[in-house]
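A.B. asks: Sequence and predicted structure, then a few things I'm wondering about:
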Amino acid sequence: MATHNKMRAYAQVAATREQIDIERYTPLVKKLASMMVARLPANVDINDLIQVGIIGLMEAAKQFDVSQGVLFETFASQRIRGAMLDELRREDWMPRQTRRNSRQIEDAIHKLEQQLGRAPLESEIADYMDLPLEQYQEMLGECRGISLVHFDDNADDEGGSANQVENVADDNSPEPVDVLASDAFRSALVEAIKLLPERDQLVMSLYYEQELNLKEIGAVLGVSESRVCQLHSQAITRLRSRLRDWV
């Protein structure tokens, strides 16, 4: 990312310090960046996310309207996450092979669920993919960063994520956030979570509801941080398989 572009954007909104104490909300930026980078490949630098998050925070301070009855932290969190996601879209942050691997795992889970009428075991998924269990688990670990709604699923091998950025920017394309916000999707998601294996459900609950990090979840489950990363990737992939009509 070009540092001079960041500094120029920073200068443009620097006057907001007079309205809202930016430094007070800097820990919020760091918290959101930490939560996001925990689900991303190792090549994503948390400091880059923090930098664009700070700019998002300052822009939020400039745009905030107290008369709307929304807490600034709530408003700012949305803008900060948005700034980080925008930056990730600009950068081809997920290797193409990782995207392909994620799709292959999702396809395997989907077909096995249809065959078995239940959530397949890890060993069954590995066997279906003709992989040793250890190699399948390593693949899961490499897929850290997959989300319920991919912005780059439609990226081809030639254009990578760049083509999908154009799709996201298209005013005629449905926004993933609109899908996630719909009542029908929420109901489908609740039902899909209920069908997850018990351990996957626990990982999702500890991460998204209790807001524990991967290391803390590992301590609760008695497994390594890397194993929690694998379980999280697998849980998200299971959900994507069941929510194909939505995501």
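C.D. replies: Thanks, I have it.
A.B. asks: domain parsing for the chain?
C.D. replies: In terms of domains, the chain is parsed into 3-90, 96-242 (source: automatic domain parsing).
A.B. asks: can I get these in JSON lines with mean neighbour count and mean pLDDT?
C.D. replies: Every C-beta, even on glycine, is put in place using the N, C-alpha and C of the backbone. Converted to JSON lines, the domains of the chain look like this (neighbours: other C-beta atoms under 10 Å; pLDDT from 0 to 100):
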{"stretch": "domain 3-90", "mean neighbour count": "16", "mean pLDDT": "78"}
{"stretch": "domain 96-242", "mean neighbour count": "16", "mean pLDDT": "79"}
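A.B. asks: could you point out which element follows the longest helix anywhere in the chain?
C.D. replies: In the chain, taking DSSP state H as the definition, the longest helix is helix 96-116. Scanning forward in sequence from helix 96-116 by DSSP states H and E, the next helix or strand is helix 122-128.
A.B. asks: Now tell me what touches the helix or strand following that next one from outside.
C.D. replies: Scanning forward in sequence from helix 122-128 by DSSP H and E, the next helix or strand is helix 133-142. Applying C-beta atoms under 8 Å, 6 or more residues apart in numbering, the external contacts of helix 133-142 come out as 41, 98, 101, 105, 122-123, 125-126, 129, 131, 226-227, 229-231, 233-234, 237.
A.B. asks: can you rerun that using 7 Å?
C.D. replies: 98, 101, 105, 122-123, 125-126, 129, 226, 229-230, 233-234 (C-beta atoms under 7 Å, 6 or more residues apart in numbering).
A.B. asks: In those, find the pair that's most separated.
C.D. replies: The most widely separated members of the contacts of helix 133-142, counting by C-beta to C-beta, are T98 and S123 (22.4 Å).
A.B. asks: mind listing the helices for the protein?
C.D. replies: Taking DSSP H as the test, the helices found in the chain are 3-12, 26-37, 46-63, 72-90, 96-116, 122-128, 133-142, 160-169, 176-181, 183-194, 198-204, 214-221, 225-242.
A.B. asks: Compare those helices and report which one is nearest to I20.
C.D. replies: When these are compared (using C-beta to C-beta), the closest one is helix 46-63, at 4.0 Å.
A.B. asks: and that closest one with helix 26-37, angle?
C.D. replies: Relative orientation of helix 46-63 versus helix 26-37 (axes from the mean of the first three to the mean of the last three C-alpha atoms, to 10 degrees): 130 degrees.
A.B. asks: So which other helices or strands are in contact with helix 46-63?
C.D. replies: Contacts defined by 3 or more C-beta pairs under 7 Å, 6 or more residues apart in numbering; DSSP states H and E place helix 46-63 against helix 3-12, helix 26-37, helix 72-90.
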